[in-house]
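**Student:** heads up, no residue letters with this:
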């Protein structure tokens with residue numbers, strides 16, 4: 001009876017070592033590749049918007065398709081802080097000849113998508129023109145549970161249902177006026 005129990009334990013241990021750990025390692029590598037792809041796509045998207053000063057629905061859809069190519073679903077959050085130059089004398093600064101106080105107002109994802117998803121009178125998609133000094137940011141995180149996450153939940157109870165494993169964030173100041181293009 002003792003030899004049979006040891007044999008069963010040895011077979012279970014061998015199965016875990018031969019199948020489960022390699023599966024966990026490969027699924028972790030898949031998440032690493034997805035993470036790198038998402039970081040790269042997010043950086044390229046934000047930098048493209050920053051350097052051109054223009055955001056269109058085509059750029060956004062291309063970005064979302066690039067993210068979807070990883071096989072995961074993502075929540076994309078965009079924030080645009082629009083520079084609102086408020087002219088007026090500043091008396092609190094050392095240089096009294098400086099005119100204006102820079103104030104930002106913020107547009108969030110739903111407002112941005114409503115703007116760029118509209119069409120003009122000619123039926124063309126509206127392009128959101130940004131100006132130099134605006135701040136654009138995008139953050140992405142996966143909404144689905146990856147295989148690696150499921151295996152970790154099963155074996156370690158490390159991650160919860162509301163956590164994400166793949167995320168990226170990038171932001172920057174717009175360097176070009178998009179209205180003139």
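**Tutor:** Everything's here; your move. In this text the structure is predicted, and so the values were computed from the model without any measurement. Numbering: from 1, shown residues only.

**Student:** Break down the protein into its helices, ranges please.
**Tutor:** Ranges of helices in the chain, per DSSP state H, are 2-15, 21-52, 57-68, 109-116, 147-155.

**Student:** which one of those helices lies closest to residue 128?
**Tutor:** Nearest of the helices of the chain to residue 128, taken as C-beta to C-beta: helix 109-116 at 5.2 Å. Where you see a C-beta, it was placed from the backbone N, CA and C, and this is true even at glycine.

**Student:** where does this structure have low pLDDT?
**Tutor:** Low-confidence segments of the chain (pLDDT under 70): 1, 85-101, 157-164, 180-181.

**Student:** before we move on, the earlier item: mean neighbour count and distance to residue 79 added to the helices of the chain, as JSON lines?
**Tutor:** Converted to JSON lines, those look like this (neighbours: other C-beta atoms under 10 Å; distance: least, C-beta to C-beta, whole Å):
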{"stretch": "helix 2-15", "mean neighbour count": "9", "distance to residue 79": "48"}
{"stretch": "helix 21-52", "mean neighbour count": "16", "distance to residue 79": "11"}
{"stretch": "helix 57-68", "mean neighbour count": "16", "distance to residue 79": "14"}
{"stretch": "helix 109-116", "mean neighbour count": "15", "distance to residue 79": "8"}
{"stretch": "helix 147-155", "mean neighbour count": "16", "distance to residue 79": "27"}
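
**Student:** Can I get these in CSV including distance to residue 127?
**Tutor:** Supplementary listing: the helices of the chain in CSV, determined by distance: least, C-beta to C-beta, whole Å:
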stretch, distance to residue 127
helix 2-15, 57
helix 21-52, 10
helix 57-68, 9
helix 109-116, 7
helix 147-155, 38
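
**Student:** The ones you listed: which one's closest to residue 132?
**Tutor:** Of all the helices of the chain, helix 21-52 sits nearest to residue 132, with 10.0 Å by C-beta to C-beta.

**Student:** That closest one packs against which elements?
**Tutor:** helix 57-68, strand 135-142, helix 147-155, strand 167-173 (3 or more C-beta pairs under 8 Å, 6 or more residues apart in numbering; DSSP states H and E).

**Student:** Which of the ones you listed sits closest to residue 80?
**Tutor:** Of all those, strand 135-142 sits nearest to residue 80, with 5.4 Å by C-beta to C-beta.

**Student:** what separates that closest one from the chain centre, distance-wise?
**Tutor:** In terms of C-alpha atoms, centre = their mean, to the nearest Å, the centre of strand 135-142 is set 4 Å apart from its chain centre.

**Student:** Check stretch 31-47 too.
**Tutor:** Worked out by C-alpha atoms, centre = their mean, stretch 31-47 lies 8 Å from the chain centre.
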